[in-house]
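In: pasting the sequence and the predicted model now:
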Protein chains: 2
Amino acid sequence: MGGSIDRALAAHPLSAPSLRLWELLARLNDRLDKNAVVVGPDVGDAYCADATDERGVRPSILFRPRDTASVSAILSACDALRQPIVVQGGRTGLAGAARPMAGEVALSLERMSAIEPVNEDAGTVIAHAGATLQAVQETATSHGFMFGVDIGARGTSTIGGNIATNAGGIRVLRYGMYRAQVLGLEAVMADGSVLTGLKGLSKDNSGFDLNQIFIGSEGTLGVVTRACLRLHPKPQSLANAFCALPSLGAAIALLRRLRQRLGPSLSAFEVIFPAVYAGVLNRTGAPPPVPAGAGMYALIEMQGQDEAGDEDRFAAALMECYEEGIVSDVAASRSLRDYHAIWALREAASEFIFSMDHVAGFDVSLPISAMQRFLDRATAEIATVDPAASIYIFGHLGDGNLHFLVRTHHYDRVADATYSCVASEGGSISAEHGIGLEKKKWLALVRSPTEMAAMRRLKAAFDPNNILNPGRVFDMEPTTPRERA
Amino acid sequence: MGGSIDRALAAHPLSAPSLRLWELLARLNDRLDKNAVVVGPDVGDAYCADATDERGVRPSILFRPRDTASVSAILSACDALRQPIVVQGGRTGLAGAARPMAGEVALSLERMSAIEPVNEDAGTVIAHAGATLQAVQETATSHGFMFGVDIGARGTSTIGGNIATNAGGIRVLRYGMYRAQVLGLEAVMADGSVLTGLKGLSKDNSGFDLNQIFIGSEGTLGVVTRACLRLHPKPQSLANAFCALPSLGAAIALLRRLRQRLGPSLSAFEVIFPAVYAGVLNRTGAPPPVPAGAGMYALIEMQGQDEAGDEDRFAAALMECYEEGIVSDVAASRSLRDYHAIWALREAASEFIFSMDHVAGFDVSLPISAMQRFLDRATAEIATVDPAASIYIFGHLGDGNLHFLVRTHHYDRVADATYSCVASEGGSISAEHGIGLEKKKWLALVRSPTEMAAMRRLKAAFDPNNILNPGRVFDMEPTTPRERA
């Protein structure tokens, strides 16, 4: 520590340093360790973008604090100087919340990647914000537990970013969203004050649960620095199956039946629509688990604690559905190899989509009872705005969450049509990825003026100078400056 | 409607009506139906108290709105006149949040007790705030589902009050607190604006989840009027057992083992300490399921979906623990009669406690790894402040939640000692019942000045005139009046 910022500035003087940035660095000099500040061209390309195709602006300063006290010092200084900050975890987001905009400094939590010892009695672990999801999953597994959330970006996405976006993934049906995994948080507020709620108690009604406010707030209300996460017993049995069904309605009936039969052991229920299944088979060239030609395909997974009996129960439940005609064909895994091969089909669905160009992806959720109506309407409206468009769908039916993908050259009109249909059927324009910058213009389709006003109240209360991820999720209306308490 | 308030006033003129109350009634005249307003001595005794022994003040006006629009009108008028309101559900709370204080008008949600049709595909139901917990449980059951929360006051406590206190109960281990049951809320803010978030989507990250703010806020941030509640598949198997164990440590080992063996099917894990078990046996006179003399007793329940196999799995897991000496004696239910008899022991524990006078009850939770240390310290400190005190303990070990009961004539000193020990071991001074009026003076033991300040910011943002349940949970520091946006 000490003098690190002087040295950084000497090496790479800011090309056009504003007085505010100089002042910021001066205030933080001697308060951060030598690896905590990167300035000017030394800020790598990776910090300029997230996982979207858009590139952001290179931040003049990148802060890489090593601990919560450093985060507090940085936020306190930025708040005093009204310096906007973009907060970054693994930058795997798809909504633009972590993509720097002009005039922002970047705050990356990447160096705060520790995972504290697992509390085996409680079944909890405290992870620091920059730990990757995969590191937490592996820590849980090595202690006989399992972490409930899994998403494709597991190796890069971080706990802080996961919490900021309330990530979900494929097993929400069983384990819930990230919100359900979080037993406590440490978060730094815009003014640098540190809220610590890491007791990890399942039951605690002593005052407001402030942790909830930060989950899913996309870095706009505070910076999560540590989280106490719930772990689940490691499943003793794993089984999955790939089914062909006559229709979406049959898939909904199957979901309902399996919930009754398997209860919480039903851990995933994915659907793949025919156009995607055809594309997958075309790509992989492997023998299909069930023949093409059905109206719908479903991938079902069961995780249980009864190694001896679960597979039979799973097979019996599926057989019952086959006999009743809910399912027209079933391929159930009989080995771990089968199990992975079935999941590989689901991965291949994503790869098939990424292999095409000009695909607009919409991550929407709908009430299950309105899903068919949404599909009919959206299909018709998209055909009107772009008769050449083709639609590809797969997703997490168990959570009402569809990846609705449209190959089109008319992104804006297709997006307007899709999100309008989502809104009028009572759905969400962002099931998982948040709003960030990308979906802001459509947010008012699904949130009322009263809700928008309440969100702005919350933002003004927690970040009165609007320094944290400003302009993400929504813009603050011009407000009268007011005295701070 | 129309003129109802005139008639009410004519029949029972307010004895000392302040100008503000007259103004309030004048503003609401013609906006509420004839049964929505009760004034003066017509306000029944029931509305003056909650489930504590303390009596509150009789409110000059009781509002009993029949719909959300009426709640909005009442709040809007009260906010404009800075009229404080106490919000009431079933008034079964034990922390005083619903007990009227001088100068408050009461708002009871009792007439808003409808339950909308169950959405069987989604497994959800929308209940209005005044519906009782039991009515929701019965609705769920009659549609092949189960509601995840059960508490003793099920027949009287209401959904709105349950949500306002984030109620828990005996199956939090399996189903989580109320927060985990709530998929969406309709809530009226202090200024009368209505937030409606009743889509019932499992995955929805489009903007801040405002619903979370109201859950557990004890009526201080808004008035919940409707809730979209998650239903679970009805269990197909039920089994329970009553165990004797050598110690609390053995009970913790048993809990951990059963979580691994039974996973989410482990639905309750209650402990009864020896002094309570002795009292229960003394009261019931029934043959004890396991003999007295052990160091600890546990009641364990499993709920599963496998009618054929679950009972054997449960028995096998317990047998394993018996053979390893974790458990010294087990009585497992072999019939529904046994099952209810075992739960009756747990009910008898509450009755035994209520049969004694001068019992101070503390509803605390602790990290499981700190529980024994808390017990040792609290026992020693209580012996110092009141050598005549006797301690009785039972509770929800699966959630770290103990009902810690002390028979004493020195309530305040015993409370100080108990809560100080809870705080220094990282526990919660209110696992379930909230803070209300009763526990306010101890809140700062477990929440930092930063947390207290953040709670006040939230309160000021959502209820700037401090009209909703003022003085509950915490007092607002004197604040500079500021212009409202």
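Out: That came in fine, so what should we check first? Numbering: from 1, shown residues only, chains lettered A, B, ... in the order given.

In: going by C-alpha atoms from here, please, whenever you check contacts or count neighbours.
Out: OK.

In: nearest residue to the residue of the stretch 351-485 of chain A found nearest chain B other than its sequence neighbours?
Out: Residue of the stretch 351-485 of chain A nearest chain B, by Cα to the nearest Cα: residue A:431 (4.4 Å). Counting by Cα to Cα, 6 or more residues apart in numbering or on different chains, residue A:431 lies nearest to residue B:204, which is 4.4 Å off, once chain neighbours are set aside.

In: so which helix or strand takes in the one you found?
Out: Using DSSP states H and E, residue B:204 sits in no helix or strand.

In: counting neighbours, what do you get for it?
Out: A total of 30 residues lie near residue B:204 under the criterion other Cα atoms under 10 Å in any protein chain shown.

In: list the contacts of it.
Out: By Cα atoms under 8 Å, 6 or more residues apart in numbering or on different chains, the residues touching residue B:204 are A:365, A:428-432.

In: first vs last residue of stretch A:49-61, how far apart are they?
Out: One end of stretch A:49-61 to the other measures 15 Å (Cα to Cα, to the nearest Å).

In: what average pLDDT does that stretch get?
Out: Averaged across stretch A:49-61, the pLDDT comes to 92.

In: buried sites along that stretch?
Out: Of all the residues in stretch A:49-61, those buried under the rule 16 or more other Cα atoms under 10 Å in any protein chain shown are A:49-51, A:55-56, A:58-61.

In: please identify the helix or strand for residue A:414.
Out: Using DSSP H and E, residue A:414 sits within helix A:411-424.

In: pLDDT value on the residue of the stretch 351-485 of chain A closest to chain B, please?
Out: So residue A:431 comes in at 96 (pLDDT).

In: what does residue A:284 give?
Out: pLDDT recorded at residue A:284 is 82.

In: wait, residue A:310 sits on residue A:317?
Out: No: with contact defined as Cα atoms under 8 Å, residue A:310 does not reach residue A:317; the gap is 10.6 Å.

In: compare those two (neighbour count), which wins?
Out: Comparing residue A:310 with residue A:317 by other Cα under 10 Å, the one with more neighbours is residue A:310, at 22 against 17.

In: what about that one, distance to chain B?
Out: Between residue A:310 and chain B the distance is 10 Å, computed by Cα to the nearest Cα, to the nearest Å.

In: who are the contact partners of that residue?
Out: A:237, A:304.

In: who does the helix or strand hosting residue A:282 touch, helix- and strand-wise?
Out: Using DSSP H and E, residue A:282 falls within helix A:274-284. Where contact means 3 or more Cα pairs under 8 Å, 6 or more residues apart in numbering or on different chains; DSSP states H and E, helix A:274-284 is packed against strand A:296-304, helix A:336-354, strand A:390-396.

In: turn the buried residues of stretch A:49-61 into TSV, including secondary structure.
Out: Output for the buried residues of stretch A:49-61, formatted as TSV (DSSP: H, G, I helix; E, B strand; the rest coil):
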residue	secondary structure
A:49	strand
A:50	coil
A:51	coil
A:55	strand
A:56	coil
A:58	coil
A:59	coil
A:60	coil
A:61	strand
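
In: CSV for those residues, including distance to chain B?
Out: Below are those laid out as CSV (distance: Cα to the nearest Cα, whole Å):
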residue, distance to chain B
A:49, 21
A:50, 18
A:51, 18
A:55, 23
A:56, 22
A:58, 27
A:59, 26
A:60, 29
A:61, 28
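
In: can you pull the phi and psi angles for whatever residue of the stretch 151-300 of chain A ends up closest to chain B?
Out: As assessed by Cα to the nearest Cα, chain B sits closest to residue A:204 within the stretch 151-300 of chain A, at 4.4 Å. With angles defined as degrees, to the nearest 10, residue A:204 sits at phi -150, psi 100.

In: distance of it relative to residue A:278?
Out: 50 Å.

In: residue A:429 now?
Out: Residue A:429 sits 27 Å away from residue A:278, going by Cα to Cα.

In: just want to know which of these two has more residues nearby.
Out: The neighbour comparison of residue A:429 against residue A:278 (other Cα under 10 Å) goes to residue A:429, with 29 against 17.
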